[in-house]
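> sequence and computational prediction follow.
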Amino acid sequence: MKIDNYFEKIVTYEEMKSMEKLTIDKGKSESTLINNAGNEIAAYIKNNFTKEKEILFILGKGNNAKDGYIALTQLLKSKYKTNILFVFKDSDYKSWDYDLQKYANQLYYLNNFDNVKKLIDDTKIIIDGIFGIGLNKNITGNISQMIKYINSSNKYVLSIDVPSGLSSVYEQKNNNTNTIIASETLCISGIKDCCLTINGHKYSNKLINLDIGITKYPKNYKYKFLINPQSAFKLIPKKDTYGDKRLSGETLVVGGSKKYPGSILMAASASLETGVGLLSLAIPLSIYGVIAGKIPEATLDTIKNNQEFISKDNIKHLFENKKRINSLLIGCGMEVNKTTQESVEYLLKNISNHFKYLKGIVIDADGLNNLSKINEWWKYKLPKNTIITPHVREMSRLTGLSISEINKNPIEILETYTKLWNVTIVLKGPLTFIGNTHKKYMLNRPNPGLAKGGTGDVLAGVINSFLAQGLNSEHSTILAVSLISESGELSKEKYGIHGSTASKLINGISKLINQNN
């Protein structure tokens, strides 16, 4: 399935400029694109806001300001209560090819901040078209004062393309205090990458993409997509009415310890509840009594000479006795020490010589922490569909980069390390990033109810299940993060942010699969 067709594309500043040039070179004028953008913005406002709402367009002098001006003219024709505030002096607008005097009764200038306070106070909705994605200097003076006032005013703000102050080419000083906090961001012809960092998303919030007829992408475009969970549900595997349990896949989950027996239980339950046919758990003998009977459908694999942790001998035993498995998850609750490190390294070093039915592996949690201690682990011959699922601290350990470096540009970080490691990476967090060597995906649905211990175990278990059922690493990860996200929203509604837990996600996920299959 070509799932990309259902997702919006993400673009950088340089890619957007190239796209505009390619479109203009093909015969569409810049004024046509501006008119298209303005009309789309006006249509969005008409579809979502009533005429009773007072609307204030606050405009700079770039193309996104012109987009806003065209939108305003369309709304005035439809009898909306609309005003314009230009933030620069009137001489800066002499070059505009528009009859501004036609709307003189609705037109104001930001000569000083105190003069426009009442204008802002009297409006209900603000359309922000002050600065665009190419902003290359810090915002100061009256505009800075105005932005801070808007942010404190509890107005509903629609930003055109990006919130003013957020830029792909310049990082504001003072932690972006001079950046508009948008309620919604109406991106033009692609979701802008600066809206999709932890910092940028705090200002962008809900992202809407408006199509204005720019469809040609440059040859060097790096394919990046914003995941739509409802569309991702199209990837849910179909069951063969006459199939047996092996057609639904056989999976193996390796991990657990006396300290963290719950981790492997949650991962295993998530694998089972999302449709896998056969499930085996490889665990230390020390937690056999804790695990036995908790998931009666699972086969338990232990060895007598291993009491505390998963060891190299456990892996040898699996190589010898688990010939038909289709997917393998390692790491949940296994702890980090010399014994577990040796077991992870032995698995990676030898896995390609065993498990001939294997479709992919998932390395999670302490599997990753052990991985970070193995020199050049990516040079082992790994399965084609190898997936690692780090949160930002684990990614920091794996790469040696600081957390701030990773958060500043996660898509570029994934671009670098998916190529170096030749794996699929799921970078977990309030915003989730998925990358392989060809494409990058992003899910922008932050939910503090998911920031609980065990959520990562559940995600790893779901990914592992879909690998066993025949999905590739790209589709398994997209579907799994979408199900976790949607189940998290349902859990938040039912239990609240504080009452949402990882174990409550699992039933929600299986219900979503039933509803969408």
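Alright, I've got the coordinates.
> correct me, but residue 251 touches residue 281?
No - with contact defined as CB atoms under 8 Å, residue 251 does not reach residue 281; the gap is 9.8 Å. C-betas here are computed from N, CA, C, even on glycine.
> which pLDDT value goes with residue 115?
The predicted local distance difference test score for residue 115 is 84.
> and the protein, what are its domains?
The chain resolves into domains spanning 6-226, 248-516 when parsed by automatic domain parsing.
> for the last one, the averaged confidence score.
Meaning domain 248-516. Model confidence over domain 248-516 averages 94 on the pLDDT scale.
> can you tell me the SS state at residue 442?
strand (DSSP: H, G, I helix; E, B strand; the rest coil).
> ok, now how distant is it from residue 257?
Here the criterion is CB to CB, to the nearest Å. By it, residue 442 lies 33 Å from residue 257.
> ok, residue 329 next?
Counting by CB to CB, the gap from residue 329 to residue 257 is 15 Å.
> among these two, which residue is more densely surrounded?
A direct count of neighbours by other CB atoms under 10 Å for residue 329 and residue 257 places residue 329 higher, at 33 against 22.
> OK, contacts around the more buried one?
Taking CB atoms under 8 Å, 6 or more residues apart in numbering as the contact definition, residue 329 lies against 251-255, 267, 271, 361-364, 460-461, 463-464.
> what about 6 Å?
Each residue near residue 329 by CB atoms under 6 Å, 6 or more residues apart in numbering is listed here: 253, 362, 460, 464.
> got those residues as TSV, with distance to residue 69 columns?
Converted to TSV, the contacts of residue 329 look like this (distance: CB to CB, whole Å):
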residue	distance to residue 69
253	58
362	51
460	50
464	53
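> output those residues in a markdown table; the columns should cover secondary structure, neighbour count and distance to residue 505.
As requested, the contacts of residue 329 are exported to a markdown table (DSSP: H, G, I helix; E, B strand; the rest coil; neighbours: other CB atoms under 10 Å; distance: CB to CB, whole Å):
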| residue | secondary structure | neighbour count | distance to residue 505 |
| --- | --- | --- | --- |
| 253 | strand | 35 | 17 |
| 362 | strand | 35 | 17 |
| 460 | helix | 32 | 12 |
| 464 | helix | 35 | 15 |
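> closest one of the residues you listed to residue 107?
Within the set of these, residue 460 lies nearest residue 107; the separation is 57.0 Å, counting by CB to CB.
> and for the closest one, nearest residue in space, chain neighbours not counted?
Taking CB to CB, 6 or more residues apart in numbering as the measure, residue 460 lies nearest to residue 364, with 3.8 Å between them; neighbours along the chain are not counted.
> now that neighbour. Its backbone dihedrals?
In terms of degrees, to the nearest 10, the main-chain angles of residue 364 are phi -140, psi 160.
> wait, residue 354 sits on residue 319?
Yes - in this structure residue 354 lies within contact range of residue 319 using CB atoms under 6 Å: 4.4 Å.
> mean neighbour count, the domains of the chain: which tops it?
For these, the stretch with the most neighbours on average is domain 248-516, a mean of 21; neighbours defined as mean count of other CB atoms under 10 Å.
> for it, measure first residue to last.
Domain 248-516 has an end-to-end distance of 18 Å (CA to CA, to the nearest Å).
> could we number from 38 for the rest of this?
With 38 as the first residue, the last one maps to domain 285-553.
> and that domain, how far out from the chain's middle?
Taking CA atoms, centre = their mean, to the nearest Å, one finds the center of domain 285-553 at 18 Å from the center of the full chain.
> what segments of the stretch 438-554 of the chain are strands?
All strands of the stretch 438-554 of the chain, identified by DSSP state E, counting those that start in this stretch, fall at 461-464, 469-472, 477-480.
> repeat for the stretch 188-337 of the chain
Counting by DSSP E, counting those that start in this stretch, one finds strands in the stretch 188-337 of the chain at the ranges 193-197, 221-225, 228-229, 243-247, 261-263, 287-291, 315-319, 336-338.
> distance to residue 351 added to the ones you listed, as CSV?
Compiled in CSV, the strands of the stretch 188-337 of the chain are given as follows (distance: least, CB to CB, whole Å):
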stretch, distance to residue 351
strand 193-197, 54
strand 221-225, 49
strand 228-229, 45
strand 243-247, 45
strand 261-263, 39
strand 287-291, 7
strand 315-319, 6
strand 336-338, 8
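> what's the closest of the ones you listed to residue 325?
Taking CB to CB as the measure, the strands of the stretch 188-337 of the chain were each checked against residue 325, and strand 336-338 came out nearest at 6.6 Å.
> what pairs with that closest one, parallel or antiparallel?
strand 315-319 (parallel) (DSSP bridges).
> from the contacts of residue 366, which is closest to residue 185?
Closest approach to residue 185 among the contacts of residue 366 (CB to CB): residue 497, at 42.8 Å.
> so who does the closest one touch?
The neighbours of residue 497, taking CB under 6 Å, 6+ apart as the test, are 304, 366, 399, 401, 426.
> check residue 168 too.
Residue 168 makes contacts with 97, 201, as judged by CB under 6 Å, 6+ apart.
> what's the distance between it and residue 353?
61 Å.
> go on, residue 346?
Using CB to CB, one gets 15 Å for the distance from residue 346 to residue 353.
> next one: residue 344
16 Å.
> equivalent analysis for residue 315, please.
21 Å.
> not counting its neighbours along the chain, what's nearest residue 183?
Nearest non-adjacent residue to residue 183, counting by CB to CB, 6+ apart: residue 150, 5.7 Å away.
> picking up where we left off before, quick check, nearest of the contacts of residue 497 to residue 283?
Ranking the contacts of residue 497 by separation from residue 283, with CB to CB as the measure, puts residue 366 on top at 18.4 Å.
> A helix includes the closest one, no?
No - in this structure, residue 366 is strand, not part of a helix, as judged by three-state DSSP.
> residues contacting the nearest residue to it once chain neighbours are set aside?
Take residue 366 and drop its neighbours on the chain: the residue closest to it by CB to CB, 6+ apart is residue 501, 4.0 Å away. Residue 501 is in contact with 288, 308, 364, 366, 399, counting by CB under 6 Å, 6+ apart.
> could these go into CSV alongside distance to residue 120?
Shown next, in CSV, are the contacts of residue 501 (distance: CB to CB, whole Å):
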residue, distance to residue 120
288, 61
308, 57
364, 59
366, 58
399, 55
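> out of the strands of the stretch 188-337 of the chain, which is closest to residue 379?
Once CB to CB is applied to the strands of the stretch 188-337 of the chain, the stretch that comes out nearest is strand 287-291, at 13.5 Å.
> can you tell me which helices and strands the closest one packs against?
In terms of contacts (3 or more CB pairs under 6 Å, 6 or more residues apart in numbering; DSSP states H and E), strand 287-291 is packed against helix 298-310, strand 315-319, strand 364-367.
> quick one, the first one and strand 287-291 angle?
Orientation check (axes from the mean of the first three to the mean of the last three CA atoms, to 10 degrees): helix 298-310 against strand 287-291 gives 170 degrees.
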